[in-house]
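Q: Mind folding the following:
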Amino acid sequence: MYKVLLATDGSEHSFKTIGKAIKLLKQLDASVTVLSVVEDVRLYKGLGQLSAKETETLHQGIETVAIEGLEKTKEALTKESIEASTLLRKGQPADVICEVAEEGRYDMVILGDTGFGGIKELFLGSVSNKVAHKAKTDVFIIKWMYE
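A: Now for the predicted structure:
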């Protein structure tokens, strides 16, 4: 069975990729691990100095969105008879996605071209761009067109 790592950040953009991902996954007869990576909020630029309590509250909110995104994605896959499990990790998203893909010996990584970060680079989001260049496995990037 084909082993796929599907990365999501729980954003609206990442949910728009699920339909296309499902079409591909059905053709591959794949088992899927849905991965979400929670980035350390202290690394976000432009937030200024947050108190420890504010930082923790913000981090909990981000983690909650990530968990909800994992469950929503798993539910959509399961509805389509695609075997899926979930995995939540902390760290830099592109680095963690590549590490998990390599450690788990995944055949392919699937992710959207933009997420919460929006368009940070000209054509691809920064995470998808880094994964495409750094991963040691196939990477399938689903481009979401703005309407």
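
Q: average pLDDT across the helix or strand harbouring residue 97?
A: Under the criterion of DSSP states H and E, residue 97 resides in helix 93-103. The average of the pLDDT scores along helix 93-103 is 96.

Q: which helices and strands sit right next to the very next helix or strand once past it?
A: Using DSSP H and E, the helix or strand that directly follows helix 93-103 along the chain is strand 108-112. Under the contact definition 3 or more Cβ pairs under 8 Å, 6 or more residues apart in numbering; DSSP states H and E, strand 108-112 sits against strand 2-7, helix 12-16, helix 18-28, helix 93-103, helix 126-134, strand 138-142. Just so you know, the C-beta spots here come from the backbone N, C-alpha and C atoms, and that holds for glycine as well.

Q: returning to that earlier point: okay, the angle between the helix holding residue 97 and strand 2-7?
A: Computed with axes from the mean of the first three to the mean of the last three Cα atoms, to 10 degrees, the direction of helix 93-103 lies at 160 degrees from that of strand 2-7.

Q: got a list of contacts for helix 93-103?
A: With contact meaning Cβ atoms under 8 Å, 6 or more residues apart in numbering, helix 93-103 is reached by 5, 7, 9, 33, 35, 37, 39, 87, 89-90, 106, 109, 111, 126-127, 130-131, 134-137.

Q: Just the buried ones out of those residues, please.
A: The neighbour-count criterion (16 or more other Cβ atoms under 10 Å) marks 5, 7, 9, 33, 35, 37, 39, 106, 109, 111, 126-127, 130-131, 135, 137 among the contacts of helix 93-103 as buried.

Q: of those residues, closest to residue 66?
A: Nearest to residue 66 among the buried ones among the contacts of helix 93-103 is residue 9, at 6.9 Å by Cβ to Cβ.

Q: does the closest one count as helix, strand or coil?
A: coil (DSSP: H, G, I helix; E, B strand; the rest coil).

Q: So for it, what pLDDT did the model give?
A: 86.

Q: Hmm, residue 63 and it touching each other?
A: No. If you go by Cβ atoms under 8 Å, residue 9 and residue 63 don't touch, sitting 11.6 Å apart.
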